[in-house]
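> Fold the stuff below for me.
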Amino acid sequence: LEFRRVLFRSWTLKAVNLIALGINHNSAHVDVRERVAFAPEQVSEAMNDVCRAADIDEVVVLSTCNRTEIYAVAPPNRPLDEKARELIDWMAGYHHLSSDDLRGAAYHHEGEAALRHMVHVAAGLDSMVLGEPQIFGQLKSAYAVANDAGTVGSELGRLFPRVFSIAKKVRTDTAIGENPVSVAFAAVDVARRIFTDLGDCNALLVGAGETIELVTRHLIEAGVSNIVIANRTLGRARELAQQFGADAVLLAEIPDHLPKSDIVITSTASQLPIIGKGTVESALKVRRHRPMLMVDIAVPRDIEPQVSDLRDVYLYSVDDLRQIVDGNLRARQQEVSKADEIIAQGIASVGQERRSLGAVDLVKQYRQSAEALRQRELERALASITRGDDPQQVLAQLARAITNKLIHAPTAGLKKASAEGRHDVLGHAARLLGLDVDEVQQQSAVVNGSADTAEQQTAAPSVAPSDTPAISAGVSAESASESESPRTPGPTLQ
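Numbers count the residues shown, from 1 in each chain. Purely as a prediction, here's the structure:
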């Protein structure tokens with residue numbers, strides 16, 4: 001009975017109570033996205049808080065310029081749509097927003113759909129710029145932060161590496177990432193459209209993260225040679241500046257460099273604007289109203305929106321880059337179907353892996369049973385040797401005892417299955433035992449054929465066929481019956 005209970009548990013695969021929930025550039029305007037963004041220093045505390053407040057077993061929080069998402073594993077036997085509402089309420093409360101307002105902009109996926117969404121995000125298929133590579137690193141970083149915070153358990157610990165593996169295969173096996181197209185590239189593309197010769201332009205980059213590093217690379221490739229990088233910490237700014245031959249300054253020095261800057265691109269994690277309308281106004285006076293391109297790709301925004309009211313300033317936010325980006329995506333769109341096929345295969349593989357975990361309890365109990373048997377027989381053998389028995393005979397008996405006892409239960413089960421005509425069970429058993437299935441089936445057919453023949457002979461009527469010559473009159477029926485027996489010859493007929 002206990003074996004059957006273990007077997008039932010092994011064959012019953014519980015679905016993961018996985019939820020992917022959040023808002024992104026498709027579901028919410030930048031005004032909403034910047035209000036639910038998590039600052040890097042907030043994320044660890046926020047993840048532990050949501051586990052307590054929303055009764056979540058595991059969680060990873062991803063917060064970027066274009067999306068804030070929560071990947072969570074809920075306790076079993078809880079409706080996932082109900083848990084999703086609790087997560088939205090928690091997010092709204094954490095950021096002091098109305099739950100109703102946030103529900104209108106949020107989306108959520110459950111189970112396999114949630115896993116598929118995570119892979120789409122990691123592969124860049126859900127990004128504003130299709131196939132952009134930065135999101136892969138951002139998601140890996142979010143997973144690492146959650147690991148350090150202690151909010152990743154066995155489920156997310158198994159799923160996230162598979163998500164990264166599938167996403168990496170998408171990028172290597174398709175052209176989804178070819179032709180460097182990203183928000184950073186789009187920002188530089190805007191500069192190309194406004195200035196006829198980028199080689200004559202000075203650029204001021206605010207921030208020193210991956211996005212600014214990519215912007216710097218694209219600017220240099222476009223011909224910009226005079227670049228200043230401003231950051232909150234001078235050390236990181238200098239580190240990045242040294243890679244590209246740029247200058248490094250602190251954020252406080254921005255007003256001094258703004259008048260000399262033709263291109264200003266910002267991407268920081270600041271919760272408040274860094275460049276205000278008054279600062280830009282003063283810079284324009286010094287520039288004598290020469291045009292200035294300002295691209296704010298941060299969420300929350302680094303540049304006050306009111307700057308767009310100033311003449312001679314071309315201010316672009318993340319949302320403004322969408323139309324520019326669309327023109328660079330046509331080639332990548334053709335690769336989406338290939339990517340979807342890879343993702344479908346990857347998710348199917350994850351499902352197979354999860355189903356294989358269903359045998360863990362059974363294998364564990366079977367191994368424990370075998371180990372217990374081995375230990376009992378070993379102790380018995382050691383006791384025999386201690387009594388002075390022949391070690392060679394003891395070892396032979398030990399081998400026989402372990403073999404016989406290990407195969408006893410399977411043998412009894414196979415005999416019963418065979419007696420009941422369960423040939424499908426015999427075939428599965430042969431595969432499980434590593435035997436030649438064809439050979440087993442042939443032997444079974446021979447045995448079954450012999451049994452059928454014997455059964456037919458036993459059931460055959462003991463009368464002469466119609467073409468047998470008639471027995472002479474006067475011979476008794478008993479004599480005729482005896483004449484057909486192979487064991488006792490009948491009387492000679494006259």
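> Please, which helix or strand holds the most centrally placed residue in the chain?
Centroid-nearest residue in the chain: residue 163, 3.2 Å away (criterion: CA atoms, centre = their mean). Here residue 163, judged by DSSP states H and E, is contained in helix 154-173.
> Residue 95 is in contact with residue 49, correct?
No - using CB atoms under 8 Å, residue 49 is not in contact with residue 95; the gap is 12.0 Å. Every C-beta, even on glycine, is put in place using the N, C-alpha and C of the backbone.
> can you give me the strands in the stretch 1-150 of the chain?
Under the criterion DSSP state E, counting those that start in this stretch, strands of the stretch 1-150 of the chain are mapped to 18-24, 58-63, 67-73, 107-110.
> Save the ones you listed as a markdown table, and put in mean neighbour count and mean pLDDT too.
Listed next are these as a markdown table, based on neighbours: other CB atoms under 10 Å; pLDDT from 0 to 100:
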| stretch | mean neighbour count | mean pLDDT |
| --- | --- | --- |
| strand 18-24 | 23 | 96 |
| strand 58-63 | 24 | 98 |
| strand 67-73 | 26 | 97 |
| strand 107-110 | 20 | 95 |
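> Now tabulate the ones you listed in CSV and tack on distance to residue 139.
Compiled in CSV, these are given as follows (distance: least, CB to CB, whole Å):
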stretch, distance to residue 139
strand 18-24, 12
strand 58-63, 6
strand 67-73, 9
strand 107-110, 15
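> which sections of the chain are below the confidence cut-off?
1-15, 179-180, 358, 437-494 (pLDDT under 70).
> Tell me where the longest helix sits in it.
helix 391-419 (DSSP state H).
> all helices for the stretch 201-350 of the chain, in order.
With DSSP state H, counting those that start in this stretch as the definition, the stretch 201-350 of the chain shows helices at residue ranges 210-221, 234-244, 254-257, 277-287, 322-326, 330-333, 336-356.
> I'd like the ones you listed written out as CSV, with mean neighbour count added.
Shown next, in CSV, are the helices of the stretch 201-350 of the chain (neighbours: other CB atoms under 10 Å):
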stretch, mean neighbour count
helix 210-221, 21
helix 234-244, 16
helix 254-257, 16
helix 277-287, 16
helix 322-326, 15
helix 330-333, 14
helix 336-356, 15
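> The longest helix of the chain: which residues count as buried?
Buried residues in helix 391-419, counted by 16 or more other CB atoms under 10 Å: 394, 397, 398, 401, 402, 414, 417, 418.
> same deal with stretch 360-375?
362, 365.
> And for stretch 257-272?
Buried residues in stretch 257-272, counted by 16+ other CB under 10 Å: 257-259, 261-270.
> List of residues touching stretch 99-117?
Residues outside stretch 99-117 that contact it (CB atoms under 8 Å, 6 or more residues apart in numbering): 15-24, 27-28, 32, 36, 71, 80-81, 84-85, 87-89, 91-93, 126, 159, 163, 343, 347, 350-351.
> end to end, how far does that stretch reach?
23 Å (CA to CA, to the nearest Å).
> for that stretch, the distance to its chain's centre please.
17 Å (CA atoms, centre = their mean, to the nearest Å).
> Return the set of buried residues in it.
Residues of stretch 99-117 classed as buried: 102, 105, 106, 107, 108, 109, 110, 114, 115, 116, 117 (neighbour count, 16+ other CB under 10 Å).
> Now render these as CSV, adding distance to residue 301.
What follows is these, written out as CSV (distance: CB to CB, whole Å):
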residue, distance to residue 301
102, 19
105, 17
106, 21
107, 23
108, 26
109, 28
110, 33
114, 30
115, 33
116, 32
117, 27
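> wouldn't residue 156 be in contact with residue 58 here?
Yes - using CB under 8 Å, residue 156 makes contact with residue 58 at a distance of 4.7 Å.
> Need the residues touching each of these two.
residue 73.
> how close does residue 401 get to residue 69?
Between residue 401 and residue 69 the distance is 59 Å, computed by CB to CB, to the nearest Å.
> Which strands or helices does the helix or strand where residue 367 lies pack on?
Per DSSP H and E, residue 367 falls inside helix 360-386. Other helices and strands packing on helix 360-386, by 3 or more CB pairs under 8 Å, 6 or more residues apart in numbering; DSSP states H and E, are helix 2-11, helix 391-419.
> right, and the helix or strand after the last one?
For helix 391-419, the following helix or strand on the C-terminal side (DSSP H and E) is helix 423-432.
> Only alpha carbons, please: show that next one as PDB.
Extracted in PDB, the C-alpha atoms of helix 423-432 (Å, rounded to 0.1, in the frame of the first residue of the first chain):
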ATOM      1  CA  HIS A 423       1.900  -8.000 -22.200                       C
ATOM      2  CA  ASP A 424       2.100  -4.200 -22.100                       C
ATOM      3  CA  VAL A 425       3.400  -4.400 -18.600                       C
ATOM      4  CA  LEU A 426       6.000  -6.900 -19.600                       C
ATOM      5  CA  GLY A 427       7.200  -4.600 -22.400                       C
ATOM      6  CA  HIS A 428       7.500  -1.600 -20.100                       C
ATOM      7  CA  ALA A 429       9.200  -3.800 -17.500                       C
ATOM      8  CA  ALA A 430      11.700  -5.000 -20.000                       C
ATOM      9  CA  ARG A 431      12.600  -1.400 -20.900                       C
ATOM     10  CA  LEU A 432      12.900  -0.400 -17.200                       C
END
